[in-house]
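Chemist: sequence plus predicted model, see below.
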Amino acid sequence: MKLISSLIFFLLFSLPHSSPTPTKSRKRLQIHKPCKTLTFYFHDIIFNGHNSKNATSAIVGTPPWGNTTTLAKQNHFGDLVVFDDPITLDNNLHSHPIGRAQGFYIYDKKEIFTSWLAFSFVFNSTRHKGTINFAGADPLMNKTRDISVIGGTGDFFMTRGLATLSTDAFEGEVYFRLRVEINLYECW
Amino acid sequence: MKLISSLIFFLLFSLPHSSPTPTKSRKRLQIHKPCKTLTFYFHDIIFNGHNSKNATSAIVGTPPWGNTTTLAKQNHFGDLVVFDDPITLDNNLHSHPIGRAQGFYIYDKKEIFTSWLAFSFVFNSTRHKGTINFAGADPLMNKTRDISVIGGTGDFFMTRGLATLSTDAFEGEVYFRLRVEINLYECW
Amino acid sequence: MKLISSLIFFLLFSLPHSSPTPTKSRKRLQIHKPCKTLTFYFHDIIFNGHNSKNATSAIVGTPPWGNTTTLAKQNHFGDLVVFDDPITLDNNLHSHPIGRAQGFYIYDKKEIFTSWLAFSFVFNSTRHKGTINFAGADPLMNKTRDISVIGGTGDFFMTRGLATLSTDAFEGEVYFRLRVEINLYECW
């Protein structure tokens, strides 16, 4: 009987802990490890009235003091830009795009450059199929900025996580390139 | 003892697997089954300067080459449309609406029709109370398109899932009807 | 053997229930308890052409019948407003802001005041660091309205939950103050 008791005792206390119920805190001491990490670049070329061939984005909303071919004064506050930007694996604008970054951003502060964005990565390559959806604040003057991965489809079904943005390059007020490191913490 | 060992062995290996911790992958081999499936239609009538009585949406942002009463050239790239569309259970515009689809979409590609949308289904009927929130890319030329259910309230408290959109009908550039099959994978 | 059977029976049925797999419903009978509750106020002052010093938001998209310095007729339907509003702990506009509410809202119904919003709370104080991201329908005429917390960063890493908005005060069509009670149900 002693052996059996021991075995049962072992059974009871060696069972994997069930995950907490959704209604309780999942606060944990350990650092969270992503279930998937991906790095991409995307390239935004704002239409300025003269570059329709190359432009990948356009100003479609402006504050009272702005217009749709020039980013507005006061740190572009109020400008709303719609984009369809190529996604590349390296930082070369001319590399073969493996998808498109599609959505919009708004400049939302008068005193400094800062923006808010919501967009999708739309993949359709042998490497990735499906979409990743993002939303969050992008304080451009910070070296890195975290936004939320709020969902996904296809290869990225139901995913959630964080994306860390950094400005990899910019030229005047027409071209900029963002580096995006995506860390997914919910993979289905 | 052999019987007991067998029983304990059975116990150990027949226990339901606890779900992985949030920091680990939830990749699974089986097909995911939704915890709830719902199908609706919604109806969008764009204001064109002459249909103010029936219109349910309006162009409120346009690219430099556009205006707010006609969808812009270049596949409407840059047009931003705000909507308050009736939701019906069948594909008849005149059926009793059981809620409203409220939010916006942007046309975001020059070469083909494609859009990005963020909106809520706002229900207030005996059948459903509460809201479901959506965001994602909508490549209109595809027969079906998946977007994310990013949250919900009321009957749909904290829900997540996918919505599959398909264009059920359209008339010129003023009316279109979307079929939405909602599959929820997180129900609280 | 009887004792052992009893023990094994006990073991089988007294084990903590593992949480359901992501593919199954998490419907529960109990009321959900938030893992964190926070209350804030934020203050929106719309630019009207004369208050550039104090304004925290601007109309950047309008319907065909509107303009960017006055909220449009038909219950402001179609107006799109970008904001960078101070967040305070009490209902005093002049209290020290502990962060900024940044994003946009659209008025989206002709018949009554109702809006849809997507924004972030951006904190950078000793009390809170990081961001909380929100999206949802805001039927302004209701005393309280629930929107979704769709993600977070920093102190609010990966969080989800609900935010209950109520209009705490408004003055004409230029100033309004929202009270936000945030209830988080997923805390990492």
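Modeler: Nice, I can see it.
Chemist: residues near the residue of chain A at minimum distance from chain C, how many?
Modeler: Taking CB to the nearest CB, chain C has its nearest neighbour within chain A at residue A:148, 2.7 Å off. Placement of C-beta: from N, CA and C, glycine included. Taking other CB atoms under 10 Å in any protein chain shown as the criterion, the count of residues near residue A:148 is 30.
Chemist: show me what the closest residue to chain B within chain A bridges to in the sheet.
Modeler: Among all residues of chain A, residue A:151 sits closest to chain B, at 2.8 Å; criterion: CB to the nearest CB. With DSSP bridges as the criterion, residue A:151 is bridged to residue A:133.
Chemist: tell me the contacts of it?
Modeler: A:132-133, A:158-160, B:135-136, B:148-150, B:160 (CB atoms under 8 Å, 6 or more residues apart in numbering or on different chains).
Chemist: distance of it relative to residue C:160?
Modeler: 11 Å (CB to CB, to the nearest Å).
Chemist: now swap in residue A:37 and tell me
Modeler: Distance from residue A:37 to residue C:160, by CB to CB: 21 Å.
Chemist: neighbour count: those two, which is higher?
Modeler: residue C:160 (25 against 11).
Chemist: nearest spatial neighbour of that one, skipping sequence neighbours?
Modeler: Leaving aside its sequence neighbours, residue C:160 sits nearest to residue C:186 (CB to CB, 6 or more residues apart in numbering or on different chains; 4.1 Å).
Chemist: please apply the same query to residue A:148.
Modeler: Nearest one to residue A:148, counting by CB to CB, 6+ apart, is residue C:151 at 2.7 Å.
Chemist: do you know how far the one you found is from residue B:174?
Modeler: Applying CB to CB to residue C:151 and residue B:174 gives a distance of 36 Å.
Chemist: try residue A:111
Modeler: 42 Å.
Chemist: the two: which has the busier surroundings?
Modeler: Higher neighbour count among residue A:111 and residue B:174: residue B:174, with 17 against 9, using other CB under 10 Å.
Chemist: for that one, what are its contacts?
Modeler: Shown in contact with residue B:174 (CB under 8 Å, 6+ apart): B:45-46, B:48, B:51.
Chemist: got the phi/psi numbers for it?
Modeler: For residue B:174, the backbone dihedrals (degrees, to the nearest 10) come out as phi -110, psi -40.
Chemist: report pLDDT for it.
Modeler: On the pLDDT scale, residue B:174 is placed at 89.
Chemist: got it, and residue A:110?
Modeler: Residue A:110 is given a pLDDT of 89.
Chemist: shouldn't it be within a strand?
Modeler: No: counting by DSSP: H, G, I helix; E, B strand; the rest coil, residue A:110 falls outside a strand, being coil.
Chemist: which of the helices or strands spans the nearest residue to residue A:99 once chain neighbours are set aside?
Modeler: Once flanking residues are discounted, residue A:99 sits nearest to residue A:123: 4.0 Å by CB to CB, 6+ apart. According to DSSP states H and E, residue A:123 maps onto strand A:115-124.
Chemist: helices or strands up against that strand?
Modeler: strand A:80-88, strand A:99-107, strand A:129-138, strand B:115-124, strand B:129-138, strand C:99-107, strand C:115-124 (3 or more CB pairs under 8 Å, 6 or more residues apart in numbering or on different chains; DSSP states H and E).
Chemist: output those strands as TSV; include the columns mean pLDDT and distance to residue B:103.
Modeler: Putting those into TSV (pLDDT from 0 to 100; distance: least, CB to CB, whole Å) gives the following:
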stretch	mean pLDDT	distance to residue B:103
strand A:80-88	96	15
strand A:99-107	97	13
strand A:129-138	97	13
strand B:115-124	96	2
strand B:129-138	97	8
strand C:99-107	97	8
strand C:115-124	96	5
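Chemist: can you put those strands in TSV and add mean neighbour count and distance to residue C:88?
Modeler: Listed next are the helices and strands packed on strand A:115-124 as TSV, based on neighbours: other CB atoms under 10 Å in any protein chain shown; distance: least, CB to CB, whole Å:
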stretch	mean neighbour count	distance to residue C:88
strand A:80-88	24	27
strand A:99-107	25	23
strand A:129-138	25	18
strand B:115-124	24	27
strand B:129-138	25	26
strand C:99-107	25	9
strand C:115-124	24	12
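Chemist: TSV for those, including distance to residue A:55?
Modeler: As requested, the helices and strands packed on strand A:115-124 are exported to TSV (distance: least, CB to CB, whole Å):
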stretch	distance to residue A:55
strand A:80-88	10
strand A:99-107	14
strand A:129-138	21
strand B:115-124	17
strand B:129-138	20
strand C:99-107	23
strand C:115-124	25
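Chemist: which one of those strands lies nearest to residue A:33?
Modeler: strand A:129-138 (18.9 Å; CB to CB).
Chemist: what's the angle between the closest one and strand A:99-107?
Modeler: 20 degrees (axes from the mean of the first three to the mean of the last three CA atoms, to 10 degrees).
Chemist: so the residue found closest to residue A:111 once you drop the neighbours it is linked to in the chain is in which element?
Modeler: Closest residue to residue A:111 apart from its sequence neighbours, by CB to CB, 6+ apart: residue A:75 at 6.7 Å. Under the criterion of DSSP H and E, residue A:75 resides outside all helices and strands.
Chemist: same question for residue A:181.
Modeler: Per DSSP H and E: strand A:175-186 holds residue A:181.
Chemist: mind listing the strands that strand pairs with, and their directions?
Modeler: Strand A:175-186 is paired, per DSSP bridges, with strand A:36-45 (antiparallel), strand A:160-171 (antiparallel).
Chemist: in TSV: those, plus mean pLDDT.
Modeler: Shown next, in TSV, are the strands paired with strand A:175-186 (pLDDT from 0 to 100):
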stretch	mean pLDDT
strand A:36-45	97
strand A:160-171	96
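Chemist: wait, which of the ones you listed is closest to residue A:144?
Modeler: Between the strands paired with strand A:175-186, strand A:160-171 lies closest to residue A:144; by CB to CB that is 5.0 Å.
Chemist: measure the nearest residue to residue A:157 once chain neighbours are set aside to residue A:152 for me?
Modeler: In this structure, residue A:157 finds its nearest non-sequential neighbour in residue A:188, 5.2 Å apart by CB to CB, 6+ apart. Shown here: residue A:188 relative to residue A:152, a distance of 9 Å by CB to CB.
Chemist: more neighbours: those two, which one.
Modeler: residue A:152 (28 against 18).
Chemist: residue A:175 contacts residue A:42, doesn't it?
Modeler: No: Residue A:175 is beyond contact range of residue A:42, at 11.7 Å (criterion: CB atoms under 8 Å).
Chemist: compare neighbour counts for the two and give me the winner.
Modeler: Between residue A:175 and residue A:42, residue A:42 has the larger neighbour count (other CB under 10 Å), namely 25 against 17.
Chemist: show me what contacts that one?
Modeler: Per CB under 8 Å, 6+ apart, neighbours of residue A:42: A:85-88, A:101, A:177-178, A:180.
Chemist: turn those into JSON lines, including distance to residue C:64.
Modeler: Conversion of those to JSON lines gives the following (distance: CB to CB, whole Å):
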{"residue": "A:85", "distance to residue C:64": "29"}
{"residue": "A:86", "distance to residue C:64": "33"}
{"residue": "A:87", "distance to residue C:64": "35"}
{"residue": "A:88", "distance to residue C:64": "39"}
{"residue": "A:101", "distance to residue C:64": "30"}
{"residue": "A:177", "distance to residue C:64": "36"}
{"residue": "A:178", "distance to residue C:64": "34"}
{"residue": "A:180", "distance to residue C:64": "37"}
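Chemist: any idea how far apart the tips of stretch A:132-147 sit?
Modeler: 12 Å (CA to CA, to the nearest Å).
Chemist: and what of stretch A:74-86?
Modeler: 29 Å.
Chemist: verify the stated contact: residue A:164 with residue A:146.
Modeler: Yes: applying CB under 8 Å, one finds residue A:164 in contact with residue A:146, separated by 5.5 Å.
Chemist: shared neighbours of these two, which are they?
Modeler: With CB under 8 Å, 6+ apart, residue A:164 and residue A:146 have no common neighbours.
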